[in-house]
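Student: Fold the stuff below for me.
(one chain, ligands or ions: 1)
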Amino acid sequence: MQQVFSILISFGLSIVVWAGETISEGRLAKGTKWETPFYVSVSGQDGPTVVITGGIHGNEPAGARAAEQIRHWSITRGRLVVIPQANIPGLRDGTRFLPGEPPSRRDLNRQFPKTKMAAEAHGVLGKALWKFIGDQNPDWMIDLHEGYDFHQINSKSVGSTIIDAKGKAADVAVPKMLAAVNATITDPKKKLVRLRYPVDGSLARAAHERLGAASMILETTFKSQPLSKRARQHRLMVHALLTHLQMADGTSQVMLPAKTEALRVAVYDAGGVGSNGPRELDRVLRGMPATMARRVGAEDIRNGVLTQFDVAIFPGGSGSKQAAALDARGRKAVQAFVQRGGGYVGICAGSYLAAANYSWSLGISNHKTFCETIDLPNIGRKSMWYRGPTATVKMELTAEGREILGDRKGVFEVRYHNGPIMSPMGVKGLEAFRPLAIFRSEVARYDPQKGTMVNTPAIIAGEYGKGRVLSISPHPESSAKLHALVANGIRWAGQR
Ligand SMILES: [Zn+2]
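Tutor: Numbering: from 1, shown residues only. Below is the predicted model:
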């Protein structure tokens with residue numbers, strides 16, 4: 001322990017003692033553009049040291065997200081060292097490389113000591129990481145990455161693999177890690193497989209050859225899989241390893257600290273969600289102080305993760321597809337979450353999902369949507385929810401809207417894309433909703449839609465059990481100017 005502390009103190013860190021477990025944090029490459037945080041949990045019980053890195057490649061965000069969750073895991077023995085976002089400038093730009101570095105120095109995962117070369121790393125960040133990780137004296141080095149395709153479908157990609165340095169320890173652990181993650185994957189071609197050997201200059205290979213660590217790279221696949229699913233696969237593999245090492249305390253579903261004052265926001269990003277919504281919400285959430293945001297999928301929700309959160313957001317896409325992806329168990333979990341005091345924010349599709357008029361909708365908001373199917377002369381049967389491609393409409397806040405969403409007076413523009421036209425449903429035992437904003441113009445594709453949108457509610461608020469429900473028909477998250485409005489809505493739903 002003493003040795004551990006003297007090593008850590010040389011990096012200038014803060015230390016918190018938590019129920020027999022010591023958690024400390026500090027920064028690597030301090031004062032440079034590469035500065036990045038690290039976190040060390042010391043259980044106080046003898047056991048292995050496991051080092052986990054995420055975000056070495058900035059265009060592989062699931063590893064960084066997963067590591068940011070894993071750092072909050074409690075351990076029963078040994079030490080857990082996490083560097084969640086190794087390459088912060090790359091993550092910010094969404095690029096694989098170290099932005100601004102020359103070609104030979106730009107791939108961080110080629111800057112560690114190569115086989116039969118000098119025992120030194122290259123570049124400010126490479127050196128800082130290598131020095132720190134060497135000082136930890138790791139027994140295990142786990143580096144989280146992503147590939148562009150499933151290795152079993154396209155062997156040119158290392159997506160959905162574990163690439164380990166050979167060794168007896170890995171021979172026992174890797175099959176257990178594969179079994180844990182593959183149990184959640186139904187398509188046999190998308191299951192993870194084992195590969196060897198990490199590429200020359202990679203952190204995993206150097207840690208094995210120079211530090212004697214059992215090392216591996218865990219690769220998920222970003223092709224057509226939501227971020228929540230990829231981060232969950234990383235969590236499952238790391239959790240299986242920690243279980244094998246008898247270090248695990250708690251489940252692989254822990255995404256957040258046990259205690260925090262921060263507003264904890266879940267953004268649903270799985271079945272039925274378009275790709276832009278979660279990305280735009282990331283921008284809104286980054287601008288909100290004291291907020292911890294996580295992507296969650298249907299499987300996470302069915303597994304009960306919402307109990308960790310204050311607010312759940314269901315973005316644009318298709319309400320019926322979101323409902324189908326959640327299935328009855330997931331929908332029940334969302335209803336129970338709001339009933340107990342959780343906040344719900346539905347945007348466009350999420351406001352169809354919250355409604356009370358579909359067999360598949362959640363019924364947590366006392367509204368119905370204009371969605372009749374009508375026979376149109378010379379056109380055929382058409383469903384009235386469809387009003388055409390994305391458009392700009394006018395909207396105005398009500399008095400209560402100005403209190404909750406910000407004091408914006410008069411009419412302003414907002415993006416609209418087939419959001420629900422909301423009216424009272426009149427469910428007994430459920431409070432009526434209150435309009436927070438009103439559409440002041442409309443879009444219509446078919447004659448029966450004309451006049452049905454203008455002057456109807458664009459944003460409504462209601463209560464369900466102890467929780468608050470905000471249903472937003474248009475897309476204010478698409479306009480930077482309206483991010484504050486969305487942020488205020490999220491805070492209101494979270495009862496802050
Ligand atoms: Zn990578």
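Student: show me what contacts residue 35?
Tutor: Residues near residue 35 by C-beta atoms under 8 Å, 6 or more residues apart in numbering: 27, 28, 29, 88. In short, each C-beta sits where N, CA and C put it, glycine included.
Student: Pick the one among these closest to the ion.
Tutor: Distance to the ion across the contacts of residue 35 (C-beta to the ion) is lowest for residue 88, with 15.4 Å.
Student: Near the closest one, how many other residues are there?
Tutor: 20 (other C-beta atoms under 10 Å).
Student: How about the residues of the stretch 51-200 of the chain by the ion?
Tutor: When proximity is defined as C-beta under 5 Å from the ion, the stretch 51-200 of the chain approaches the ion at 57, 60, 145.
Student: any idea which helix or strand carries the last one?
Tutor: Yep, that's residue 145 we're talking about. Per DSSP states H and E, residue 145 falls inside strand 140-147.
Student: Can you lay out the residues of the stretch 51-200 of the chain next to the ion as a markdown table showing pLDDT and neighbour count?
Tutor: Compiled in a markdown table, those are given as follows (pLDDT from 0 to 100; neighbours: other C-beta atoms under 10 Å):
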| residue | pLDDT | neighbour count |
| --- | --- | --- |
| 57 | 98 | 24 |
| 60 | 98 | 25 |
| 145 | 98 | 24 |
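Student: measure whatever residue of the stretch 301-450 of the chain ends up closest to the ion to residue 243 for me?
Tutor: Distance from the ion to each residue of the stretch 301-450 of the chain (C-beta to the ion) is smallest for residue 305, at 26.2 Å. Distance of residue 305 to residue 243, given as C-beta to C-beta, to the nearest Å: 19 Å.
Student: Could you do residue 215 as well?
Tutor: The value you get for residue 215 to residue 243, if C-beta to C-beta is used, is 19 Å.
Student: which of those two has more neighbours?
Tutor: Legend: neighbour count by other C-beta under 10 Å for residue 215 and residue 243, higher for residue 215 (29 against 16).
Student: The more buried one contacts residue 162, doesn't it?
Tutor: No. Using C-beta atoms under 8 Å as the test, residue 215 is too far from residue 162 to be in contact (10.8 Å).
Student: Give me the secondary structure label for residue 423.
Tutor: Three-state call for residue 423 (DSSP: H, G, I helix; E, B strand; the rest coil): strand.
Student: how about the helices in this structure?
Tutor: Per DSSP state H, the chain carries helices over the ranges 2-9, 61-70, 88-93, 124-136, 168-182, 203-211, 227-244, 276-286, 298-302, 319-339, 349-354, 399-405, 483-493.
Student: Could you say which of these is packed most deeply?
Tutor: Comparing the helices of the chain by mean neighbour count (mean count of other C-beta atoms under 10 Å), helix 349-354 ranks first with a mean of 30.
Student: other SSEs contacting that one?
Tutor: Judged by 3 or more C-beta pairs under 8 Å, 6 or more residues apart in numbering; DSSP states H and E, helix 349-354 is in contact with strand 311-314, helix 319-339, strand 343-347, strand 367-369, strand 467-472.
Student: Swap in 7 Å and give it another go.
Tutor: In terms of contacts (3 or more C-beta pairs under 7 Å, 6 or more residues apart in numbering; DSSP states H and E), helix 349-354 is packed against strand 311-314, helix 319-339, strand 343-347, strand 467-472.
Student: Now do the residue found closest to residue 290 once you drop the neighbours it is linked to in the chain against residue 494, distance only.
Tutor: Nearest residue to residue 290, sequence neighbours excluded (C-beta to C-beta, 6 or more residues apart in numbering): residue 262, at 4.9 Å. Using C-beta to C-beta, residue 262 is found at 10 Å from residue 494.
Student: Of these two, give the one with the bigger neighbour count.
Tutor: Counted by other C-beta under 10 Å, residue 262 and residue 494 do not tie: residue 494 has more neighbours, with 21 against 14.
Student: what are the phi and psi values for the more buried one?
Tutor: Here is the backbone geometry of residue 494 (degrees, to the nearest 10): phi -80, psi 10.
Student: which ones are touching whatever residue of the stretch 101-250 of the chain ends up closest to the ion?
Tutor: Of all residues in the stretch 101-250 of the chain, residue 145 sits closest to the ion, at 3.4 Å by C-beta to the ion. The neighbours of residue 145, taking C-beta atoms under 7 Å, 6 or more residues apart in numbering as the test, are 56, 57, 60, 63, 217, 218, 219.
Student: Please look at the fourth one and residue 147 and confirm they touch.
Tutor: What it means is residue 63. No. Look at residue 63 against residue 147 with C-beta atoms under 7 Å: they stay out of range, at 11.3 Å.
Student: Could you check how far residue 408 is from residue 393?
Tutor: Between residue 408 and residue 393 the distance is 16 Å, computed by C-beta to C-beta.
Student: ok, the two, which is more surrounded?
Tutor: The neighbour comparison of residue 408 against residue 393 (other C-beta under 10 Å) goes to residue 393, with 21 against 17.
Student: Check the spacing between residue 327 and residue 335 real quick.
Tutor: Distance from residue 327 to residue 335, counting by C-beta to C-beta: 13 Å.
Student: any idea what sits nearest residue 489, other than its immediate chain neighbours?
Tutor: Among residues not flanking residue 489 along the chain, residue 470 sits closest, at 5.1 Å (C-beta to C-beta, 6+ apart).
Student: again with residue 178
Tutor: residue 192 (5.5 Å).
Student: With residue 338 instead?
Tutor: Leaving aside its sequence neighbours, residue 338 sits nearest to residue 467 (C-beta to C-beta, 6+ apart; 3.6 Å).
Student: doesn't residue 342 make contact with the one you found?
Tutor: Yes. Using C-beta under 7 Å, residue 467 is in contact with residue 342, at 4.9 Å.
Student: quick one: which of those two has more around it?
Tutor: Remark: of residue 467 and residue 342, residue 342 carries more neighbours, 27 against 24, as counted by other C-beta under 10 Å.
Student: What score does the nearest residue to residue 156 once chain neighbours are set aside have for pLDDT?
Tutor: Closest residue in space to residue 156, ignoring its immediate chain neighbours: residue 149 at 7.4 Å, by C-beta to C-beta, 6+ apart. pLDDT for residue 149: 98.
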